[in-house]
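# take a look and give me a structure for this.
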Amino acid sequence: MRIMGLDFGSKTVGVAISDSLLLTAQGKEIIRRQEENKLRRTLARIEELIVEYEVGEIVLGLPKNLNATEGAREALTAEFKEKLERRTGLPVYYWDERLTTVAADKAMMEAGIRREHRKEYVDKIAAVFILQGYLDRRAREAENGEK
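Coordinates of the predicted model:
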């Protein structure tokens, strides 16, 4: 079993998948959305990836404001979560995604990726940060006998 991480945005969905040992997250792709309110193709592509990578659960970035209040996209993300659960039958967990896009941008800057090319990758890398944070927490909880 693997875990999928998603960075859900108005125009794109960044996708990351864990390794089979649930230790590391790898960016897989960015699903480009035609229209913000239409999710059929997006959900179909996510289902294909679930089958291809034998995904058993999903982690979805939750867009909160920096002060932990509800963000403008939080309601849309909750609707997306419901659709994901209904369509895939998999559990979907939230992960606080505050500053993941900033971290992704900084990582690309440090890697020498030119500014004009960064937006091509930022959502996929943000999905990696979301999933890796979740995997790291799972590992710590397992070490401490929690969950």
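# all contacts plus neighbour counts: C-alpha atoms, from now on.
Noted.
# quick check: longest helix of this structure.
Criterion DSSP state H: the longest helix present in the chain is helix 122-143.
# how far does that helix sit from its chain's centre?
Distance of helix 122-143 from the chain centroid (Cα atoms, centre = their mean, to the nearest Å) equals 9 Å.
# please work out which residues outside the helix or strand where residue 57 lies touch it.
Counting by DSSP states H and E, the element that carries residue 57 is strand 55-62. With Cα atoms under 8 Å, 6 or more residues apart in numbering as the test, strand 55-62 has contacts from 1-8, 49-50, 74, 77, 81, 90-98, 127, 130-131, 134.
# among these, which are in strands?
Using DSSP state E, the members of the contacts of strand 55-62 that fall within strands are 2-8, 92-96.
# looking at stretch 124-138 now, give me its mean pLDDT.
When pLDDT is averaged over stretch 124-138, the result is 90.
# which parts of that stretch are buried?
124-135, 138 (16 or more other Cα atoms under 10 Å).
# same check on stretch 13-30?
For stretch 13-30, burial by neighbour count (16+ other Cα under 10 Å) applies to 13-18, 22, 24-30.
# turn the residues you listed into a markdown table, columns for distance to residue 144.
What follows is those, written out as a markdown table (distance: Cα to Cα, whole Å):
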| residue | distance to residue 144 |
| --- | --- |
| 13 | 33 |
| 14 | 31 |
| 15 | 29 |
| 16 | 26 |
| 17 | 25 |
| 18 | 21 |
| 22 | 17 |
| 24 | 19 |
| 25 | 22 |
| 26 | 25 |
| 27 | 28 |
| 28 | 31 |
| 29 | 33 |
| 30 | 35 |
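# with distance to residue 61, pLDDT and secondary structure added, can I get those residues in TSV?
Output for the buried residues of stretch 13-30, formatted as TSV (distance: Cα to Cα, whole Å; pLDDT from 0 to 100; DSSP: H, G, I helix; E, B strand; the rest coil):
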residue	distance to residue 61	pLDDT	secondary structure
13	10	94	strand
14	10	94	strand
15	11	97	strand
16	11	97	strand
17	14	98	strand
18	15	98	strand
22	18	96	coil
24	17	96	coil
25	14	95	strand
26	16	94	strand
27	14	92	strand
28	16	96	strand
29	16	95	strand
30	14	92	strand
